[in-house]
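Enquirer: here you go, sequence then predicted model.
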Amino acid sequence: MIRFSDIAGNPVMDTSTATTIGRIGAPIIDPATHRVVGFRVKKSKGPGDVLLWDAVSGLGPDALTVSSADRVAVAPAELKDRSGKKLDVLRRRVLSEHGHPLGKVRDVEFDPADGRVTNLMLKDSFVDGARILGIGKYAVVVTG
């Protein structure tokens, strides 16, 4: 497992030119599949600022690699809303489906092999990623 804080801000490297084409921004999470489906890229030198999970060649402690700068593109229509800053999971409050506050997301732990969110790390606890029901502008809603 890897925590997003361990890779946040790391370079996104184009393996074909061995150059930095941006920095890892925020994870983009699909609440239906409980997976990181991509990353926002800061200071992108590609045609957009979204890197889809399928475009990632490698993800290590020092860099994220892609085969070409063109892999950092404009978000596809189905992810357009999900990839905006207003839906960043980090620092978002977490509510139970019954409206009870659980805390704020401090970090996201996920499997680097497939993007499965294993835990949302809160201040004094964690929430299993499989409990995610929805992610909105106000909060992340989880079961229980």
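Expert: That came through fine. All of these numbers come straight from a predicted model, not from anything done at the bench.
Enquirer: for Trp53, grab the count of nearby residues.
Expert: Per other C-beta atoms under 10 Å, the neighbour tally for Trp53 reads 16. Any C-beta I mention is one placed from the backbone N, CA and C, and that applies to glycine too.
Enquirer: pretty sure it is touching Asp30, no?
Expert: No. Counting by C-beta atoms under 8 Å, Trp53 does not reach Asp30; the two are 9.5 Å apart.
Enquirer: per-domain residue ranges of this structure.
Expert: 2-84, 87-142 (automatic domain parsing).
Enquirer: give the residues shared as contacts by Trp53 and Asp30.
Expert: Shared contacts of Trp53 and Asp30 (C-beta atoms under 8 Å, 6 or more residues apart in numbering): Val37.
Enquirer: for this protein, which segments are assigned as helices?
Expert: 4-7 (DSSP state H).
Enquirer: for Leu133, list the residues it contacts.
Expert: Residues in contact with Leu133 (C-beta under 8 Å, 6+ apart) are 31, 97, 141-143.
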